[in-house]
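Novice: sequence unknown, structure follows:
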C-alpha cells in the first residue's frame, strides 16, 4: 500500500477548482503591461522634447533669415546682404535650416500622433542624426563667418553711415546662433536615439 503525500492529494482538487486547467498567475502579464505603458509614456515625453527643440530651431533660423533678407529693403545707398559673401552664406544657411526644421517638426508631430516614424525606423534614426550634424555645422560656420564680417565692418567704420544695417545684421547673427543652439540639442537627442537603436534595436529603450 502506497502513501500519497498531502501535496499530491491536493493537486487534483486544485485542478477541479480551476476547471481541470492549471491557469498561470496573471501577475507577470500585469507587470509586463505596466512596464510597456511606462516606456510608451517616456517615449512620448522624449519625442515632445525633441519637437520643442526643433520648433525653437525653426523659429530662430527663420527670424535670422528674415532679418538678413530685409536689409535689401533699405535705401539705395545702404549696404545689402548680397554685397558680402559671408552674409550671403548666413542668409542661405538659415533658410536651409528653416526648411529642414519645418520638415522635422512635421515628422515629430507625425510620430507623436501616430506612434510610428515617418520613414522606416532604421532610416529615420540615421536620417535625423546625419542631417542634424550636417546642418548644425553649416549653421555654426555661417554664423561664425557673419560674426567676423560684422566685427570687420565696425573696425573699418563702415557702420558709421549704415548703423541700421549693422544692427540688423548683428541681430541676424545672434538669432542664427540661437537656432544653432537648439539644433545642437536636437542633434544630441537624435544621437541618443541612434545609439539606443544600434544597441537595443529600438530608438528608445529603458
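Specialist: Nice, thanks for sending it over. Computed from a predicted structure; not experimentally measured. Numbering: from 1, shown residues only.

Novice: SS state for residue 103?
Specialist: Here residue 103 is recorded as helix under DSSP: H, G, I helix; E, B strand; the rest coil.

Novice: Quick check: which ranges of this structure have low pLDDT?
Specialist: For the chain, the stretches flagged by pLDDT under 70 are 1-39, 73-77, 202-206.

Novice: what do you get if the cut-off is 50, keeping everything else the same?
Specialist: 1-3, 5-10, 12-18, 25-26, 28, 30-35, 206 (pLDDT under 50).

Novice: which stretches of it form helices?
Specialist: Here the chain has its helices, by DSSP state H, at 6-17, 27-69, 85-114, 121-155, 163-200.

Novice: just so I know, which of those helices lies nearest residue 79?
Specialist: Residue 79 sits nearest to helix 163-200 of all these, at 5.1 Å, using Cβ to Cβ. C-betas here are computed from N, CA, C, even on glycine.

Novice: packing partners for the closest one?
Specialist: Judged by 3 or more Cβ pairs under 8 Å, 6 or more residues apart in numbering; DSSP states H and E, the packing partners of helix 163-200 are helix 27-69, helix 85-114, helix 121-155.

Novice: With distance to residue 173 and mean neighbour count added, can I get the ones you listed in TSV?
Specialist: Shown next, in TSV, are these (distance: least, Cβ to Cβ, whole Å; neighbours: other Cβ atoms under 10 Å):
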stretch	distance to residue 173	mean neighbour count
helix 27-69	8	17
helix 85-114	7	19
helix 121-155	4	18
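
Novice: Could you export those helices as a markdown table, including distance to residue 176?
Specialist: A markdown table is the format used below for these (distance: least, Cβ to Cβ, whole Å):
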| stretch | distance to residue 176 |
| --- | --- |
| helix 27-69 | 4 |
| helix 85-114 | 5 |
| helix 121-155 | 4 |
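
Novice: closest one to residue 170 among those helices?
Specialist: helix 121-155 (5.5 Å).

Novice: picking that back up, specify the stretch among the helices of the chain that is closest to residue 78.
Specialist: Minimum separation from residue 78 across the helices of the chain (Cβ to Cβ) falls at helix 163-200, 5.5 Å.

Novice: residues touching the closest residue in space to residue 102 that isn't next to it in sequence, list them.
Specialist: In this structure, residue 102 finds its nearest non-sequential neighbour in residue 58, 5.8 Å apart by Cβ to Cβ, 6 or more residues apart in numbering. When contacts are counted by Cβ atoms under 8 Å, 6 or more residues apart in numbering, residue 58 touches 98, 101, 102, 105.
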